[in-house]
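Asker: predicted model, plus sequence, below.
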Amino acid sequence: MLIRTDRDGFNHPRSSEITPQPVYEARRQWLRTMAAGAAGGTLAAWAGRDALAAVPRPGKLAELAGQPSQVVGANTMEAPTAYADASQYNNYYEFGLDKADPARNAHTLKTTPWSVKVEGLVAKPGTFDLQELLQLSAQEERIYRLRCVEGWSMVIPWVGYSLAQLLRRVQPLGSAKFVE
């Protein structure tokens, strides 16, 4: 490699090789702008986190009136898991990939006007909206210990009625082999 030097031992560039001062200063301004943008983006994300924390989260739903179930094995004597624990830990990936995302995002799900349509091998087919389903039969409370294959377990109360109540209403035919 050939290194050019003048008599004093330094390489003195030609004036045409020197970056003009306005370009040099503009490059520094560009670097300042990029740094400010990065800092602004970081501050915006931080402020957004605080703003999101200020939004009221969905609270505990109103309890459904129910009587203790008479079904054998439908109740446990163990203390139920705290509502906050049971309602915050889940795997509904439709709302996000983190365990806490569904609790944060579930309020965006619109459940009205949802309905259940019963058809096929039944004597009385029909379409039921949520209110009709809730009033179809007396609600009963069952308390189960849920044991997951992932290694966690919770004692959760459930309020509802047996699927048999809905099946009695729609009267499946004798040729029906399963419910889907």
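Answerer: Cool, the structure landed.

Asker: show me where pLDDT drops low in the protein?
Answerer: Low-confidence segments of the chain (pLDDT under 70): 1-9, 45-65.

Asker: quick one: the strands in it?
Answerer: Assigned by DSSP state E, the chain shows strands spanning 67-68, 115-118, 126-129, 140-147, 153-160.

Asker: closest one to residue 10 among those strands?
Answerer: strand 153-160 (76.6 Å; Cβ to Cβ). Every C-beta, even on glycine, is put in place using the N, C-alpha and C of the backbone.

Asker: sorry, back to before: make TSV out of the strands of the chain and add mean neighbour count and distance to residue 18.
Answerer: Formatted as TSV, these follow (neighbours: other Cβ atoms under 10 Å; distance: least, Cβ to Cβ, whole Å):
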stretch	mean neighbour count	distance to residue 18
strand 67-68	10	89
strand 115-118	12	77
strand 126-129	13	79
strand 140-147	15	74
strand 153-160	15	72
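
Asker: now do the contacts for the closest residue to residue 109 other than its chain neighbours.
Answerer: Once flanking residues are discounted, residue 109 sits nearest to residue 95: 7.8 Å by Cβ to Cβ, 6 or more residues apart in numbering. Shown in contact with residue 95 (Cβ atoms under 8 Å, 6 or more residues apart in numbering): 101-102, 104-106, 108-109.

Asker: buried ones only from these, please, as a PyMOL command.
Answerer: To isolate the buried ones among the contacts of residue 95 in PyMOL, judged by 16 or more other Cβ atoms under 10 Å, type:
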select buried, resi 101+102+104+106
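
Asker: filter the contacts of residue 95 down to the ones in helices?
Answerer: 101-102, 104-105 (DSSP state H).
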